[in-house]
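J.: Whatever this is, show me its structure:
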Amino acid sequence: MTIARPNQLATRLLRQSLAIIWFIIILLLVVDILVDYKTHSVDTHQQITRQVALINSSLSTAVQENDISKAQQVISLLLTDRRIYQAKIVYPNGQQFGNSVRQSYSFDSEQFLESQEFPIKSGDSLGAVKLVLDLNMQLAADSFVRRSIAMSIITILAVSLIAGFLFLLFERQLSAPLHRFFKMLNKQQSSKKNLAIPALKGHETDEIGQWIEVTNELLNSVRETKTKESIAKA
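T.: Residues are numbered from 1 along each chain as shown. Below is the predicted model:
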């Protein structure tokens with residue numbers, strides 16, 4: 001009897017398991033990326049809104065005091081977020097309160113700019129003066145791409161770890177015991193003695209142990225049949 005190479009069964013089971021795992025993970029990744037792609041613009045605006053809320057009070061005070069230097073310092077805090085390309089305070093007549101504050105990097109393609117306005121309380125009025133932010137949505141999209149790539153790399157590493165664990169599990173619990181069983185069966189067939197196949201340690205009560213027990217009963221039955229045939233012929 002030809003004995004299969006060790007771990008052949010474990011490798012096949014591993015491939016089948018990984019195929020299922022990869023299908024599920026890729027499906028989840030695609031769904032997650034599509035959802036993130038549709039919502040990353042909304043998320044960007046929400047994050048910027050939260051940042052503006054933190055400095056709105058200081059900015060309102062600077063506008064009320066007509067302190068251009070202080071207002072620009074407050075606005076500069078927003079530009080720590082590179083997605084905000086330009087910030088300016090604008091009166092209802094379109095006149096700017098001081099100069100626009102811009103990022104230091106160059107940005108040629110204005111098609112990726114998207115404006116977002118926030119009302120600033122000035123005196124007793126709210127909304128007469130506005131903070132206008134030009135958002136670099138290309139950077140926001142790049143951030144989304146980097147996040148997606150990082151997620152994909154983490155997923156690949158996680159699947160690799162799962163694959164290694166599954167291979168060890170299949171090899172230890174199934175492939176190795178079966179390989180030992182077939183080696184003992186082959187040894188029994190080549191032996192002239194009527195030897196029973198011993199139970200494998202750790203598999204006395206599971207399916208492999210039952211298989212060995214049934215195999216021994218089958219071999220005994222075959223031996224008895226051959227013995228009876230030999231007696232009958234004699």
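J.: which is the next helix or strand following whichever helix in the chain runs longest?
T.: Longest helix in the chain by number of residues (criterion: DSSP state H): helix 8-64. Going down the chain from helix 8-64, the next helix or strand is helix 68-78, by DSSP states H and E.
J.: what helices or strands is that following helix leaning on?
T.: helix 8-64, strand 84-90, strand 101-102 (3 or more Cβ pairs under 8 Å, 6 or more residues apart in numbering; DSSP states H and E). For the C-beta atoms, the positions are set from N, CA and C on the backbone; glycine is no exception.
J.: related to what we said a few turns ago, run the chain-centre distance for the longest helix of the chain.
T.: Helix 8-64 has its C-alpha centroid displaced from the chain centroid by 10 Å (Cα atoms, centre = their mean, to the nearest Å).
J.: One more: stretch 151-161?
T.: Using Cα atoms, centre = their mean, the offset of stretch 151-161 from its chain centre is 6 Å.
J.: and the direction of the lowest-mean-pLDDT helix or strand in the chain versus that of helix 8-64, what angle?
T.: Here the helix or strand of the chain ranked lowest by mean pLDDT, DSSP states H and E is helix 176-190, holding a mean of 72. Orientation check (axes from the mean of the first three to the mean of the last three Cα atoms, to 10 degrees): helix 176-190 against helix 8-64 gives 170 degrees.
J.: Please save the CA atoms from stretch 130-137 in CSV.
T.: C-alpha atoms of stretch 130-137 as CSV (Å, rounded to 0.1, in the frame of the first residue of the first chain):
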residue,chain,number,x,y,z
LYS,A,130,-18.3,83.8,8.8
LEU,A,131,-15.3,81.5,9.0
VAL,A,132,-14.7,80.1,5.6
LEU,A,133,-12.5,77.0,5.2
ASP,A,134,-11.2,75.6,1.9
LEU,A,135,-10.8,71.9,2.4
ASN,A,136,-8.3,69.9,0.4
MET,A,137,-10.5,66.9,-0.3
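J.: and the longest strand along the chain, which strands flank it?
T.: Longest strand of the chain, by residue count under DSSP state E: strand 125-136. Taking DSSP bridges as the criterion, strand 125-136 pairs within the sheet with strand 84-90 (antiparallel), strand 113-122 (antiparallel).
J.: mind checking which of those is nearest Leu29?
T.: Taking Cβ to Cβ, strand 113-122 is the member of the strands paired with strand 125-136 nearest to Leu29, at 27.2 Å.
J.: and that closest one, which residues are buried?
T.: Buried positions in strand 113-122, judged by neighbour count with 16 or more other Cβ atoms under 10 Å: Glu114, Phe118, Ile120, Lys121, Ser122.
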